[in-house]
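# Fold the following.
(one chain, ligands or ions: 2)
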Amino acid sequence: MHNSQEGRKLKVGVLGATGTVGQRFIALLSEHPYFVIHALGASQRSAGKPYSKAVTWKQTRPIPSAVREMPVHECKPEYFASCSVVFSGLDAEVAGDIESAFRAAELVVFSNAKNFRRDPNVPLIVPLVNTSHFSLIPQQRSLHSPPLKKGFIVTNANCSTTAVVVPLAALEKAFGPIESCMITTMQAISGAGYPGLPSLDILDNVVPYISGEEEKIEWETLKILGGVTETDEGLKAFDMHARHPFRISASCNRVAVVEGHTECVSLRFARRPPPSPQQVREALANYTSDAYALGCPSAPRHTIFVHEEPDRPQPRLDRDFQQGAGVCVGRVRQCRVLDIKFVVMANNVAIGAATSSIINAEFAVNKGLIT
Ligand SMILES: NC(=O)C1=CN([C@@H]2O[C@H](COP(=O)(O)OP(=O)(O)OC[C@H]3O[C@@H](n4cnc5c(N)ncnc54)[C@H](OP(=O)(O)O)[C@@H]3O)[C@@H](O)[C@H]2O)C=CC1
Ligand SMILES: N[C@@H](CC(=O)OP(=O)(O)O)C(=O)O
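Ligands and ions are numbered 1, 2, ... in the order given. Modelled structure (predicted):
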């Protein structure tokens, strides 16, 4: 990669730097080969304080020394003007307006928030699946008023979508379209940010409802797997006519796990006869991402790690494998109603959030989209 070879790292900013996702950004970026943390942003409650005083640090390692005394700013573009990339872990209540203002100021934003995921000109990219959607960037810039030269927004997906869409993409690549898919999630508390649910609500309990989550999984999966097609009105990232019909239904639950979303997936392929469980296992284990092939340093070597043990994956045992950058699958077996069923587990704060944004940014740098 040109920048690291030259020994010059790109300056980056982190919005929502004090939050659950923001802290993971800080931890991952503090020793990154391409990027160096240059500016931090959070709410007015935190602005003006040194980072160590503004944050309730919940990572297992200490606050990196380079950011301990760094001032936290309000999320205004002027404080981030010299950043080549801005990572956003902002609360969705405020992410829309702030990220929009940053883009208008010709800044490049990689966001975790849901606000722009449905925008037809904003790529929704799970970097282990659909980096081809970066092709929407020139259209996004040209349709902005006034047209942009450098600025753009890329979002990553909801953390539960991210976990499931990786094996789904691998299976579609190997065996053709999936026709229907049923998903039941068991989602970690950290998915709700800090401090999350009160302990008296979640300990000794399962909460069978996460607001808006089921719709996001169902919709985002289709946008991500739908490809980008050329239409009379330009490029389109969600043209359902361009793909085989795909019926998908999700049921979401919050469980008393700190980190790592586990999902039970059952699916039916369009192709008859369907592949066997062993063929599915092999296809999952052999799947590799374009991001890894391109040398993105945070992309995992094993995009999907397939467990043979009957009681894996488990969030406590598997969430830190490859620094949480891949997904773990297990219990691949025949389904008597659809074709195949399996369990997938992914670290919601790593590949489900901060790591995805970082791999997306690495990919964009390697492709020359960021200068
Ligand atoms: N946690 C997860 O597993 C995942 C989260 N996401 C998404 O990522 C985003 C961040 O989530 P998470 O880290 O969990 O959330 P947190 O609640 O832990 O953090 C929210 C961050 O937003 C900042 N913020 C809040 N209000 C404002 C404001 N008015 N102006 C500027 N900054 C503000 C907070 O700053 P302050 O400390 O000053 O209040 C804090 O830094 C959300 O959009 C979430 O939906 C996506 C995938 C997974
Ligand atoms: N809602 C997810 C995390 C999240 O914030 O998702 P989204 O970015 O799609 O709102 C969870 O609770 O686990």
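
# From ligand 1, how far out is residue 350?
With distances taken as Cβ to the nearest ligand atom, to the nearest Å, residue 350 is found 9 Å from ligand 1. For the C-beta atoms, the positions are set from N, CA and C on the backbone; glycine is no exception.

# Which pLDDT value does the model give that residue?
pLDDT recorded at residue 350 is 98.

# Same check on residue 331?
Among the per-residue scores, residue 331 holds a pLDDT of 98.

# how would you label it: helix, strand or coil?
The local conformation at residue 331, judged by DSSP: H, G, I helix; E, B strand; the rest coil, is strand.

# From residue 251, how far out is it?
According to Cβ to Cβ, to the nearest Å, residue 331 stands 18 Å off from residue 251.

# Make sure residue 24 is indeed in a strand.
No - with three-state DSSP as the criterion, residue 24 is helix rather than part of a strand.

# Could you count how many residues lie near the residue of the chain found nearest ligand 2?
Here the chain gets closest to ligand 2 at one residue, residue 191, 2.0 Å apart by Cβ to the nearest ligand atom. Residue 191 sits with 25 neighbouring residues when counted by other Cβ atoms under 10 Å.

# Strand partners (parallel or antiparallel) of the helix or strand hosting residue 182?
Per DSSP states H and E: residue 182 is located in strand 178-186. Strand 178-186 has these partner strands in its sheet, going by DSSP bridges: strand 247-251 (parallel), strand 261-269 (antiparallel).

# What parts of the stretch 1-150 of the chain come near ligand 1?
Within the stretch 1-150 of the chain, the positions adjacent to ligand 1 are 16-22, 42-43, 45-46, 75, 89-92, 94-95, 112-114 by Cβ under 6 Å from any ligand atom.

# Could you list which of the residues you listed belong to strands?
Among those, the ones falling in strands (DSSP state E) are residue 42.

# Just the buried ones among the residues of the stretch 1-150 of the chain next to ligand 1, please.
For these, a burial check counting by 16 or more other Cβ atoms under 10 Å picks out 16-22, 42-43, 46, 75, 89-91, 95, 112-114.

# Which members of those additionally contact ligand 2?
With the criterion set as Cβ under 6 Å from any ligand atom, the members of these near ligand 2 are 112-114.

# Burial check on residue 251, number of neighbours?
Look at residue 251: counted by other Cβ under 10 Å, it has 15 neighbours.

# ok, so what distance separates it from ligand 1?
19 Å.

# Look at the residue nearest to that residue when sequence neighbours are not counted and report its pLDDT.
In this structure, residue 251 finds its nearest non-sequential neighbour in residue 184, 4.8 Å apart by Cβ to Cβ, 6 or more residues apart in numbering. As predicted, residue 184 sits at a pLDDT of 98.

# ok, now residue 228?
With respect to pLDDT, residue 228 scores 89.

# just to revisit the earlier point, single out the most deeply packed of the strands paired with strand 178-186.
Neighbour counts (mean count of other Cβ atoms under 10 Å) averaged over each of those peak at strand 261-269, with a mean of 22.

# who touches stretch 196-210?
Contacts of stretch 196-210 with the rest of the structure, by Cβ atoms under 8 Å, 6 or more residues apart in numbering, involve 185-187, 189-192, 251-256.

# which intervals of this structure have sub-threshold pLDDT?
By pLDDT under 70, the low-scoring segments of the chain are 1-7, 239-242.

# Domain map for this structure?
2-157+354-366, 159-348 (automatic domain parsing).

# how far does whatever helix or strand residue 28 lives in sit from the chain's center?
Using DSSP H and E, residue 28 sits within helix 20-29. Distance, stretch centre to chain centre, for helix 20-29: 13 Å (Cα atoms, centre = their mean, to the nearest Å).
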